[in-house]
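Undergrad: Just to be clear, the model below is a prediction. Sequence and coordinates:
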Amino acid sequence: MKDIYTRTLTGIVFLIVVLGSIILDPLAFFIVFSFFTFVGLREFNGLSRKDQKNENNLEYYIFGMLIYILIGLSGIGYIDVRNTAFIFVIFFLQIALEIFRKDNPDWKNISTSLTSYIYIAVPFGLMNSLFYTGAINEPRYGILIGLFVIIWTSDVFAYLVGSMIGKHRLLERISPKKSWEGSFGGLIMALLAGYILSIYVTQLSVLEWMVLTLIIVISGTIGDLVESLLKRNAGAKDSGTIFPGHGGVLDRFDSIIFATPMVFVYLNLI
């Protein structure tokens, strides 16, 4: 009973912080997710470098946060988007610093760092760009909120349907609890959520919302499996403990991390 209370309270606070920051102001959202980015980088670092001596290099966090800042601030219009080109400089600096490291340079450090930047800092930064998608006279945050609503709807109903009738495992060697039945149940309810969103957020047509929902659910499911694989390889149950009863930042945002870049690309193509 105590666990349910803890999970519920954490979930409510989480919703208030995330949705509140979206509605309040793009800069508020940027600040909230700068914190989540730092924690996410730290969690990824802990899961990926348990056997490496230099797991707490300062430049790892500095570079990761710089990437988020460049993408995030350009997304909400505070800096010129051309400044994101400096991300490539950061990648080269990361490689150069490792090469000239005195205590046993290791390519694993480079690959782990670059992977975490692409996996965490880039998607979190791109979320900020979703504020300015669509018609100017529409609520700026409609599609961004839609992303979260669709992901959360899919996750909740995938769990509920899977718990009730799930028999066929989706990818048992990575995530034994996920089922095809649960995934389809989550998809159907997410499509319903997408349709409802299309009524109130008219920046996209009904068809565009349906396609967007499919993209979010499919890429989100892959993101969930990727994070499960990361934890499985590290022998960890959760990525962290920042959300009591829910785990860490990577546990809460695993689906959105993969869905966000796909949403960004899709919205820029239509």
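TA: All right, it came through fine. Numbering: from 1, shown residues only.
Undergrad: residues of stretch 69-86 that come out buried?
TA: Ile69, Leu70, Ile71, Gly72, Leu73, Ser74, Gly75, Ile76, Thr84 (16 or more other CB atoms under 10 Å). For every residue, glycine as well, the C-beta is placed using N, CA and C.
Undergrad: How many residues are close by Phe264?
TA: 18 (other CB atoms under 10 Å).
Undergrad: so what does the helix or strand harbouring Thr8 touch, helix or strand wise?
TA: Assigned by DSSP states H and E, Thr8 belongs to helix 2-24. Packing partners of helix 2-24 (3 or more CB pairs under 8 Å, 6 or more residues apart in numbering; DSSP states H and E): helix 26-48, helix 142-165.
Undergrad: Give me the helices and strands touching the longest helix belonging to the chain, please.
TA: Taking DSSP state H as the criterion, the chain has its longest helix at helix 206-234. Counting by 3+ CB pairs under 8 Å, 6+ apart, the packing neighbours recorded for helix 206-234 are helix 26-48, helix 142-165, strand 169-171, strand 175-179, helix 180-200, helix 249-269.
Undergrad: Just the buried residues of the shortest one, please?
TA: Within strand 169-171, the residues that count as buried by 16+ other CB under 10 Å are Leu170.
Undergrad: What of the first one?
TA: Judged by neighbour count (16+ other CB under 10 Å), helix 26-48 contains these buried residues: 26, 29-30, 32-34, 36-48.
Undergrad: what's the answer for the fourth one, then?
TA: Residues Ser175, Lys178, Ser179 are the ones in strand 175-179 that count as buried (16+ other CB under 10 Å).
Undergrad: what's it in contact with?
TA: Residues from elsewhere that reach strand 175-179 (CB atoms under 8 Å, 6 or more residues apart in numbering): Ala158, Gly162, Gly166, Lys167, His168, Arg169, Leu170, Leu171, Asp224, Leu225, Ser228.
Undergrad: one more time with 7 Å
TA: Gly162, Gly166, Lys167, His168, Arg169, Leu170, Leu171, Leu225, Ser228 (CB atoms under 7 Å, 6 or more residues apart in numbering).
Undergrad: quick one: the second one and Gly185 touch, right?
TA: No. Gly166 is not in contact with Gly185 according to CB atoms under 7 Å; the separation is 8.6 Å.
Undergrad: tally of neighbours for Ala121?
TA: As a measure of burial, Ala121 has 27 neighbours, counting by other CB under 10 Å.
Undergrad: and it, what does it touch?
TA: Thr37, Leu41, Gly64, Ile67, Tyr68.
Undergrad: If we use 8 Å, what do you get?
TA: Contacts of Ala121 by CB under 8 Å, 6+ apart are Thr37, Leu41, Gly64, Met65, Ile67, Tyr68, Ile71.
Undergrad: Ser129 now?
TA: Residues in contact with Ser129, defined by CB under 8 Å, 6+ apart, are Ile71, Ser74, Gly75, Ile76, Phe264.
Undergrad: redo that, cut-off 6 Å
TA: By CB atoms under 6 Å, 6 or more residues apart in numbering, the residues touching Ser129 are Gly75.
Undergrad: related to what we said a few turns ago, any chance of the buried residues of strand 175-179 in CSV with pLDDT as columns?
TA: Listed next are the buried residues of strand 175-179 as CSV, based on pLDDT from 0 to 100:
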residue, pLDDT
Ser175, 75
Lys178, 81
Ser179, 84
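Undergrad: Can you tell me which of those is nearest Ser239?
TA: The closest of the buried residues of strand 175-179 to Ser239 turns out to be Ser175 (CB to CB; 14.0 Å).
Undergrad: about what we covered before: in JSON lines, list the helices and strands packed on helix 2-24 along with mean pLDDT and distance to Leu19.
TA: Below are the helices and strands packed on helix 2-24 laid out as JSON lines (pLDDT from 0 to 100; distance: least, CB to CB, whole Å):
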{"stretch": "helix 26-48", "mean pLDDT": "93", "distance to Leu19": "10"}
{"stretch": "helix 142-165", "mean pLDDT": "90", "distance to Leu19": "7"}
